[in-house]
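Q: Kindly return the folded structure for what I paste below:
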Amino acid sequence: MTEASVRLRMVVEDDLPIFFEHQRDPEANAMAAFASREREAFMAHWHKIMGGRTNILRTILFDGMVAGNIVSWESAGEHNVGYWIGKEFWGSGIATEALRQFLVEVPDRPLYAHVIKHNLASQRVLEKCGFQRHAVHKVDDGASGPTEELILILPP
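A: Predicted coordinates:
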């Protein structure tokens, strides 16, 4: 993979069905400890966040194909970042390169990321981009049961 093969662009309506399929993958759900949404709920959620004035949403392209998404939003006074990569694109450095590019666009610091403790690949992506471990919390999404979540911070 080359840096030029990963590109970010604004999210468009045509991306949403691809994002929907990405979040339906059972292995991805287990890695994220996140229950997939039904189509109507998924689309409603994305339409809501697409209308958010302070949200920054990007589609991750790899060689012109939609590989996932990366987003930033504010919650409880904290600026957060999150991403979802389609399983067929895992393990090729796409998430790391997408996050590096995204951090240039997102000026907010500190920037927080939440990752399930067993998702070592996502932890590595964040750490390669300068995030540092900050805290551990117990979480329960109601689908996969209780687990631990790491909070990482990209300092100012």
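Q: what's near enough to touch the closest residue to Arg39 other than its chain neighbours?
A: Leaving aside its sequence neighbours, Arg39 sits nearest to Phe20 (Cβ to Cβ, 6 or more residues apart in numbering; 6.1 Å). Glycine gets a C-beta too; all of them are placed from N, C-alpha and C. Neighbouring residues of Phe20 by Cβ atoms under 8 Å, 6 or more residues apart in numbering: 39, 42-43.
Q: longest single strand anywhere in the protein?
A: Looking across the chain with DSSP state E, the single longest strand is strand 65-75.
Q: Name the strands paired with that one and say parallel or antiparallel.
A: Pairing partners of strand 65-75, with direction, according to DSSP bridges: strand 56-62 (antiparallel), strand 78-85 (antiparallel).
Q: which parts of the first one are buried?
A: This means strand 56-62. Going by neighbour count (16 or more other Cβ atoms under 10 Å), the buried part of strand 56-62 is 56-62.
Q: Please confirm that the residue nearest to Arg39 is located within a helix.
A: Yes - under DSSP: H, G, I helix; E, B strand; the rest coil, Phe20 falls within a helix.
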